[in-house]
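Visitor: Pasting the sequence and the predicted model now:
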Amino acid sequence: MITLFGLGAGFGLPEISPFVTKTEVQLTMAGLAFRKQRAMPPASPKGQLPFIDDAGELIADSTFIRAHIEHRYGFDFDSGLDVRARAQAWAFERMIEHHLYFALVGARWVDPVNFAKGPAHFFDGVPADKREKLREDAQFRVAENYLISGLGRHAPDEDVDLAARSLRALSVQLGDRPYLMGDRPCGTDATAFAVIAGILTPFFDSELRRRTETFGNLVAYADRMMVQYFPEFDWGRAQQAA
């Protein structure tokens, strides 16, 4: 059986990491049995989550895990899509992972209130004399990546304005369809759902979340995907909306 390594549930989500969520959904899409185990990034061959253990073979990075599933198990995540649609799905995935995701990072890690409420607690188990230094170092490294992404070079309201343009693109692409590329889920739906749900969780308060909530079809999409792929999870956002 495949073992998926991730951070585990938290922040009002079934999985803290959007990239682990992406892989978890794709494993479910592929109909593969797997178990989940908690791990921290240093345990991964690439120093990041997720990674999987498939019969002793370790594969890190959600995109390479997807490729592994496709090659080893013969599953086509984009079955039914023509060449143009496959290219569009890939482009949307890159936009989500290399733009919208970093807006989420800013809201969680750079905002001091959200950092104190969420990621700062990753270090609660560290000895007291080292805890604060590790927290500061981790926040600095993440903030540095946020800066390198380009979004971190802008004022917070400009960051959200740019993210909203990506959200609008997703909203237009989705339209009134159940999934991004049509009537069937594809690989990019796992990515889109993971990041949109990560933004919408009521655990964090942010302008990014409020702007995302203005795209009604994206909110409904995240709610549907949560029910479909995590039916036993108590999705507080949906209850709050009800």
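Guide: Right, received. Where do you want to start?
Visitor: use CA for all of it now, contacts and neighbours both
Guide: Noted.
Visitor: For G6, what are phi and psi?
Guide: Main-chain torsions, G6, degrees, to the nearest 10: phi -150, psi -180.
Visitor: Could you pull out the helices in this protein for me?
Guide: 18-29, 62-73, 83-95, 101-105, 112-117, 128-149, 156-174, 187-200, 207-212, 216-229, 236-241 (DSSP state H).
Visitor: right, so the ones you listed: which one is the most enclosed?
Guide: Most buried of these by mean neighbour count (mean count of other C-alpha atoms under 10 Å) is helix 187-200; its value is a mean of 26.
Visitor: Need the residues that contact that helix.
Guide: Applying C-alpha atoms under 8 Å, 6 or more residues apart in numbering, the external contacts of helix 187-200 come out as 13, 16, 18-19, 21-23, 25-26, 77-78, 89-90, 92-93, 96-97, 100-101, 104, 179-180, 208-209, 212-213, 218-219, 221-222, 225, 237.
Visitor: could you check the angle helix 18-29 makes with it?
Guide: 140 degrees (axes from the mean of the first three to the mean of the last three C-alpha atoms, to 10 degrees).
Visitor: low pLDDT regions in the protein?
Guide: By pLDDT under 70, the low-scoring segments of the chain are 237-242.
Visitor: Go again with 80.
Guide: Within the chain, the stretches with pLDDT under 80 are 156, 236-242.
Visitor: buried set for stretch 32-43?
Guide: Buried residues in stretch 32-43, counted by 16 or more other C-alpha atoms under 10 Å: F34, A39.
Visitor: C-alpha coordinates for that stretch, CSV please?
Guide: C-alpha atoms of stretch 32-43 as CSV (Å, rounded to 0.1, in the frame of the first residue of the first chain):
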residue,chain,number,x,y,z
LEU,A,32,-5.5,3.8,-5.2
ALA,A,33,-5.5,2.5,-1.7
PHE,A,34,-3.2,4.5,0.6
ARG,A,35,-2.5,5.3,4.2
LYS,A,36,-1.5,8.6,5.6
GLN,A,37,1.4,9.3,8.0
ARG,A,38,2.4,12.6,9.6
ALA,A,39,5.9,13.9,8.8
MET,A,40,7.7,17.2,8.7
PRO,A,41,9.5,18.5,5.6
PRO,A,42,13.0,17.5,6.6
ALA,A,43,12.0,13.9,6.4
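Visitor: Noted, bye for now.
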